[in-house]
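Enquirer: Below are the sequence and a predicted model for it; my questions follow.
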Amino acid sequence: MAQYKLSRDFVKVTETAGVFYAMPGCSVEIATGADEPEKDSGFLLDGGCPFPFSADSIWARAGGSRAVLNVVPGKVPV
């Protein structure tokens, strides 16, 4: 399992498939663009909600001032 301690700056997530889990009490903004996460599509992940994912390029940043994102790598069933 990987853990990312996030602020308001986007951080590249090295895993390309698995499950996201934001710690309860915080939210994480996920972007799926290759080079410019501020301009690419994405979504807000609420804390305490696991979310399976698979993408070639993923970026994350805190929805507020700080957040912790846990990533359990693995293959997502189709």
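Expert: That came in fine, so what should we check first?
Enquirer: which residues touch residue 16?
Expert: 54-56, 58 (C-beta atoms under 8 Å, 6 or more residues apart in numbering). To be clear about C-beta, it is placed using only N, CA and C from the backbone, and glycine gets the same treatment.
Enquirer: what about the protein, any weak spots by pLDDT?
Expert: Within the chain, the ranges that satisfy pLDDT under 70 run 76-78.
Enquirer: what about the closest residue to residue 13 other than its chain neighbours, neighbour count?
Expert: For residue 13, ignoring the flanking residues on the chain, the nearest one in space by C-beta to C-beta, 6 or more residues apart in numbering is residue 58 at 4.2 Å. Applying the criterion other C-beta atoms under 10 Å, we find 22 residues in the vicinity of residue 58.
Enquirer: wait, what's in contact with residue 58?
Expert: The neighbourhood of residue 58, defined by C-beta under 8 Å, 6+ apart, consists of 12-13, 15-16, 30-32.
Enquirer: Let me see the ranges of the strands in this structure.
Expert: For the chain, the strands defined by DSSP state E cover 2-6, 11-13, 17-22, 27-31, 42-46, 51-54, 58-62, 67-73.
Enquirer: List the buried residues of the first one.
Expert: Going by neighbour count (16 or more other C-beta atoms under 10 Å), the buried part of strand 2-6 is 4, 6.
Enquirer: returning to that earlier point: ok, and the most crowded of the contacts of residue 58?
Expert: The member of the contacts of residue 58 surrounded by the most neighbours (other C-beta under 10 Å) is residue 30, with 24 neighbours in all.
Enquirer: Could you tell me the backbone phi and psi angles at the closest residue to residue 48 other than its chain neighbours?
Expert: Distances taken as C-beta to C-beta, 6+ apart place residue 24 nearest to residue 48, at 4.1 Å, with adjacent residues excluded. Reported as degrees, to the nearest 10, the phi and psi values for residue 24 are phi -60, psi 140.
Enquirer: ok, residue 24 - how many residues close by?
Expert: Should you count by other C-beta under 10 Å, residue 24 turns out to have 10 residues around it.
Enquirer: was I right about it contacting residue 49?
Expert: No - the criterion here is C-beta atoms under 8 Å, and residue 24 misses it with residue 49 at 9.2 Å.
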